[in-house]
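Asker: need a structure here:
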Amino acid sequence: MERLVSTGKAAAGKLTHARILLLADATGGEQRPDEQIVEALGTSPRTLARVRRRFVTEGIRAAIDRGPRPPRPDTIKIKGDLEQRLVQVACSDPPQGRCHRTLQLLADELIILGLVDSISTETVRQALKRTTSNPGSSRPGACPPMRPPSSSGGWRT
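Answerer: Have a look, this model is predicted:
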């Protein structure tokens, strides 16, 4: 650990964990209180306790290496049939009195239809951005804007 800390050629978290263990080591003569270690390294008491616990229960390698991150929930919330229904609603005519559908209107419509219990406008935005209605189109989006026809005609060669 001393070699690891002295070279400084490792990830910052790994070096911090090694320094915690070195400063907490009581075999070197004097034992430092937790507050002094926390202050010296600029870390939190929770990190200090977590590194110590992992050292005792899992060993030195597990204590120095950062722990695995907890599994993330499914990042794509709108898939399959729900995504298809969202695109249908987005590409349909807007409600009376509106010139276009907003993300909030689309989210509210999905709730009214009973397809979801709750949904954020950001989730709706990400789903529409991910969707391409024309497979040959290079532009993403569920309903890409159509170009108005040219009134001047085209150039002919």
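
Asker: show me what contacts Gln36?
Answerer: Leu23 (C-beta atoms under 8 Å, 6 or more residues apart in numbering). Quick note: C-beta positions are derived from backbone N, CA and C, even for glycine.

Asker: Next, the buried residues of the lowest-mean-pLDDT helix or strand in the chain.
Answerer: Lowest mean confidence among the helices and strands of the chain (mean pLDDT, DSSP states H and E): helix 2-7, at a mean of 75. For helix 2-7, a neighbour-count test (16 or more other C-beta atoms under 10 Å) marks Leu4 as buried.

Asker: just stretch 32-43 next, same as before
Answerer: Within stretch 32-43, the residues that count as buried by 16+ other C-beta under 10 Å are Ile37, Val38, Leu41, Thr43.

Asker: Could you give the separation of the least confident helix or strand of the chain from the chain centroid?
Answerer: The chain centroid and the centroid of helix 2-7 are separated by 33 Å under C-alpha atoms, centre = their mean, to the nearest Å.

Asker: How much space separates Met1 from Gln88?
Answerer: 60 Å (C-beta to C-beta, to the nearest Å).

Asker: Which residue, other than its chain neighbours, is closest to Arg125?
Answerer: The shortest distance from Arg125 to any non-neighbouring residue, by C-beta to C-beta, 6 or more residues apart in numbering, is to Leu103 (5.4 Å).
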